[in-house]
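J.: Sequence plus predicted model, see below.
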Amino acid sequence: MKVLGIYGSPRRGGNSELLLKEFLRGCTEAGAEVEEVFLRELKISPCLEIYACKEKGECPIQDDMKPLYPKLVDADLVVVASPIFFFAVSAHLKAMIDRCQALWARKYLLGQRVAPGRTERKGIFLAVGGATLGKIFDGPLLTMKYFFDALDRTFDRALLYKGVDEKGKIRQHPTAMAEAYALGKKMVGGNSECGMKNLTTEIAEHAEIKKVKDPGA
Ligand SMILES: Cc1cc2nc3c(=O)[nH]c(=O)nc-3n(C[C@H](O)[C@H](O)[C@H](O)COP(=O)(O)O)c2cc1C
């Protein structure tokens, strides 16, 4: 099983990074082939609305997004981690997501399969915000829902943590690191030491996905 881990934070060793590392450790231990992509190390232009993708389902911009498209399509599991910035995902991550308009065009305008011949592929979202109150994940959850849809992936679940601000503070969270590890292991192997029953945060927050009012509906 191939797992692609995408780090969306500009901060090295930050909270979402620690969380994703732990998730991927679980995947590796369960036998997955893991690849990591740090968006802060790549040069990815924002979408320039050239609309060439409407014709071919491909983006003409030549930058670090080019080798990322096949990885986003091919991996059995794509797991994306982001800090919450102004109630949204990071700018690094949003630039990558917007460039996936080419895959959206392939699917919805050209009627092509994004990943022909492939069975179900999944997506996971990990996010961390400093605030203790407020609907800080509502916007990002909608964004991720439509991002994974453009990749023709099932948005399987999200692990979302509030009140985590200073670098490394996620380590002090009572359950976050264990939940990330357990979920990574479960997504690959179907089992985990913690088991699904203990993954209370992600179950609760996954329910929040369904509660989010969809402005596009
Ligand atoms: C530009 C910026 C905007 C932020 N906006 C929010 C916000 O809207 N809501 C929130 O809860 N935290 C916000 N934060 C706090 C970060 O989400 C928080 O520090 C998080 O732990 C950072 O994760 P990282 O270490 O993975 O980068 C913001 C931080 C920055 C730098």
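T.: That came in fine, so what should we check first?
J.: Sort out which residues of the strand or helix carrying residue 186 are buried, please.
T.: Assigned by DSSP states H and E, residue 186 belongs to helix 176-189. By 16 or more other C-beta atoms under 10 Å, the buried positions in helix 176-189 come out as 176-188. Any C-beta I mention is one placed from the backbone N, CA and C, and that applies to glycine too.
J.: do stretch 47-55 as well
T.: Quick answer for stretch 47-55 (16+ other C-beta under 10 Å): 47, 53.
J.: residue of the chain with the smallest distance to the ligand?
T.: residue 14 (2.3 Å; C-beta to the nearest ligand atom).
J.: wait, that residue sits on residue 81?
T.: No - shown here, residue 14 and residue 81 do not form a contact pair, counting by C-beta atoms under 8 Å, at 9.3 Å.
J.: So what would you say the end-to-end distance of stretch 101-118 is?
T.: Stretch 101-118 has an end-to-end distance of 20 Å (criterion: C-alpha to C-alpha, to the nearest Å).
J.: Give me the residues contacting it.
T.: For stretch 101-118, the external contacting residues (C-beta atoms under 8 Å, 6 or more residues apart in numbering) are 47, 53-54, 57-59, 69, 72-74, 121, 150-152.
J.: ok, how many other residues are close to residue 119?
T.: Residue 119: 6 surrounding residues under other C-beta atoms under 10 Å.
J.: Find the residue ranges of this protein scoring beneath the pLDDT cut-off.
T.: Applying pLDDT under 70 to the chain flags the ranges 191-217.
J.: Show me which residues of it sit near the ligand.
T.: Proximity of the chain to the ligand (C-beta under 6 Å from any ligand atom) is limited to residues 9, 11, 14-17, 83-87, 128-131, 136, 164-165, 167.
J.: out of those residues, which are inside strands?
T.: 83, 128 (DSSP state E).
J.: Check the residues of the chain next to the ligand for burial and list the buried ones.
T.: When the residues of the chain next to the ligand are checked for burial by 16+ other C-beta under 10 Å, the buried set is 9, 14, 15, 16, 17, 83, 84, 85, 128, 129, 136, 164.
J.: Secondary structure element for the residue of the chain most remote from its centre, which one?
T.: Here the chain reaches farthest from its C-alpha mean at residue 55, the gap being 27.2 Å by C-alpha atoms, centre = their mean. Residue 55 belongs to helix 53-56 when elements are defined using DSSP H and E.
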